[in-house]
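S.K.: The sequence and its predicted three-dimensional model are supplied below.
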Amino acid sequence: MNLYRQDQKLNLKVQYYKGIPLQVIQRAYKHAKAKRFTLNGTNQNVWIPNKHLEADGTLKFGENIDYIFKRSYNQLKLSGITWDPRDGLYYLTDKKQAR
């Protein structure tokens, strides 16, 4: 059985949330309540609940998922993204500086 075969196709294109590049990881999400996304093209990832996603893994328009990134601060830092709590914005940093 091929675990990557699915009845529905996933949106494997890079999506942006407030400047953060996200890409869904292709796997069998048969009964999962969330989907896994890579951050900034690195191996760091976050799980985003299905209530914020369309059926194909596309982020719903106008959804606020800041709480997910606040919980995963270390993954953001390792992927070269910094979050400034004063203004609530995300900034891409040089990946060499993040290490």
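M.R.: Sure, I can see it. Numbers count the residues shown, from 1 in each chain.
S.K.: residues contacting Val24?
M.R.: The neighbours of Val24, taking C-beta atoms under 8 Å, 6 or more residues apart in numbering as the test, are 10-12, 15, 35-37, 57. The way it works is simple: take the backbone N, C-alpha and C, and place the C-beta from them, glycine included.
S.K.: Mind giving me the PyMOL select for these, buried ones only?
M.R.: To isolate the buried members of the contacts of Val24 in PyMOL, using 16 or more other C-beta atoms under 10 Å:
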select buried, resi 10+15+35+36+37+57
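S.K.: now the contacts of Val24 in TSV, with secondary structure?
M.R.: Compiled in TSV, the contacts of Val24 are given as follows (DSSP: H, G, I helix; E, B strand; the rest coil):
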residue	secondary structure
Leu10	coil
Asn11	coil
Leu12	coil
Gln15	strand
Lys35	strand
Arg36	strand
Phe37	strand
Gly57	coil
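S.K.: Any idea which residue is closest to the centre of the protein?
M.R.: Phe37 (3.7 Å; C-alpha atoms, centre = their mean).
S.K.: now the helices for the chain?
M.R.: Assigned helices in the chain, in chain order: 66-71, 73-78, 95-98 (criterion: DSSP state H).
S.K.: ok, back up a step: please identify which of the contacts of Val24 is nearest to Asn50.
M.R.: When the contacts of Val24 are compared for distance to Asn50, the smallest value, 6.8 Å, is given by Lys35; criterion: C-beta to C-beta.
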